[in-house]
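Asker: Using only what follows, build the 3D model:
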Amino acid sequence: MRGVIVGFGEVACHGHWPAYADSQELSIVAVVERSAERRALATSLSPGLRAYETINALAAAEAVDFIDICTPPSLHGAPMLAGLERGWHVVCEKPFLLDAGLLTRARALAEARNVAAVPVHNWKFAPIVRDATARLRRGDIGRLERVAIETERLHDFKGADPDRPNWRRDPAIAGGGILMDHGWHALYLALHWFEQDVRQVEASFHRPGPGAVEDEATVRLTFDHGEASIALTWNGAARRNSMQLVGDRGSMTIADDRLLVHTTAGDEDVRYPMALSGGSHHADWFAAFIPQLAGYFKAPASSRAAFDEAAACFGIIQRAYQAGV
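Answerer: Residues are numbered from 1 along each chain as shown. Predicted coordinates for the structure are as follows:
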């Protein structure tokens with residue numbers, strides 16, 4: 001299937017493009033990028049790759065099957081709706097969409113055109129997370145009762161656009177701060193692990209000044225059978241990730257490159273070559289997602305749950321902002 005990357009920033013260049021280059025199922029034939037410098041960078045990576053400034057210019061020149069949206073968050077909606085209107089499948093970086101009305105329109109268009117519209121929830125495909133998820137589904141720690149996720153960064157990640165390198169701190173572009181950015185990953189993991197709807201949301205935030213987005217967030221989610229706590233900061237002393245899953249018969253702790261398992265069958269300490277917090281682009285995680293993505297494109301009805309998961313993440317974040325102090 002022939003695809004196009006829309007927005008050739010850092011995650012597209014270092015995360016998505018290398019994964020597609022090795023794929024036998026999906027290929028990238030063009031990019032859409034408004035920056036001439038980034039268009040030149042994209043075409044330098046492959047002699048046959050074509051670059052366009054707009055979606056309309058692309059549509060006039062290419063026959064494609066899907067688009068992969070890697071723009072800053074506030075710029076996701078227009079290309080997503082344009083792609084769906086044309087009957088193209090869409091895969092989009094997080095945060096998926098920043099408006100409930102856009103979510104409704106996108107879902108209706110995807111169903112009407114019988115195409116897929118899905119988020120990139122790539123932390124599910126980190127090897128250490130896949131291992132923990134498989135153990136959870138196998139029943140190794142019994143029924144899940146508590147999840148604790150902590151993300152610590154020294155600062156926010158800078159973007160590729162020289163005119164807007166700090167867009168993650170601009171609410172008009174990012175839609176929020178660290179909860180909308182790193183917190184999105186924590187939310188879909190909690191939803192993925194509990195497989196339940198969130199009943200209650202409590203939150204508190206730190207903002208460095210009036211009108212600023214949050215640079216620290218603490219969120220507590222209550223499910224029918226369990227709870228999740230999420231702690232996030234851009235003001236940390238180190239770059240690290242930790243996650244703990246506690247069941248009624250054991251626990252698992254993800255400590256960056258270690259999976260510590262405690263069950264009635266005994267304890268394990270499994271080491272991984274790459275820490276969960278190592279790097280920001282994770283081409284290997286995206287490559288592991290591609291077979292599932294190709295499956296969504298072949299059977300669009302199977303993709304609706306992924307769309308709903310993204311919609312649930314957005315809804316929880318909105319509830320957190322409303323409830324937060």
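Asker: mind listing the helices for the stretch 101-250 of the chain?
Answerer: Applying DSSP state H, counting those that start in this stretch to the stretch 101-250 of the chain gives helices spanning 127-138, 171-174, 178-194.
Asker: any idea of the angle the first one forms with helix 178-194?
Answerer: Counting by axes from the mean of the first three to the mean of the last three C-alpha atoms, to 10 degrees, helix 127-138 lies at 40 degrees to helix 178-194.
Asker: buried residues in helix 127-138?
Answerer: For helix 127-138, burial by neighbour count (16 or more other C-beta atoms under 10 Å) applies to 128-129, 131-133, 135-136. Every residue, glycine included, has its C-beta placed from N, CA and C.
Asker: ditto for the second one
Answerer: Within helix 171-174, the residues that qualify as buried by neighbour count (16+ other C-beta under 10 Å) are 171, 173-174.
Asker: next one: the longest one
Answerer: Buried residues in helix 178-194, counted by 16+ other C-beta under 10 Å: 178-191, 193-194.
Asker: Pull the number of nearby residues for residue 78.
Answerer: By other C-beta atoms under 10 Å, 14 other residues sit near residue 78.
Asker: biggest helix in the chain, by residue count?
Answerer: Criterion DSSP state H: the longest helix present in the chain is helix 304-323.
Asker: now it: mean pLDDT?
Answerer: For helix 304-323, the mean per-residue pLDDT is 97.
Asker: Could you find the closest non-adjacent residue to residue 49?
Answerer: residue 43 (5.2 Å; C-beta to C-beta, 6 or more residues apart in numbering).
Asker: so the one you found, which of the three states?
Answerer: Secondary structure assignment for residue 43 (DSSP: H, G, I helix; E, B strand; the rest coil): helix.
Asker: wait, what's in contact with it?
Answerer: By C-beta atoms under 8 Å, 6 or more residues apart in numbering, the contact set of residue 43 is 31, 49-51.
Asker: before we move on, what about residue 34?
Answerer: By C-beta under 8 Å, 6+ apart, residue 34 lies in contact with 53-54.
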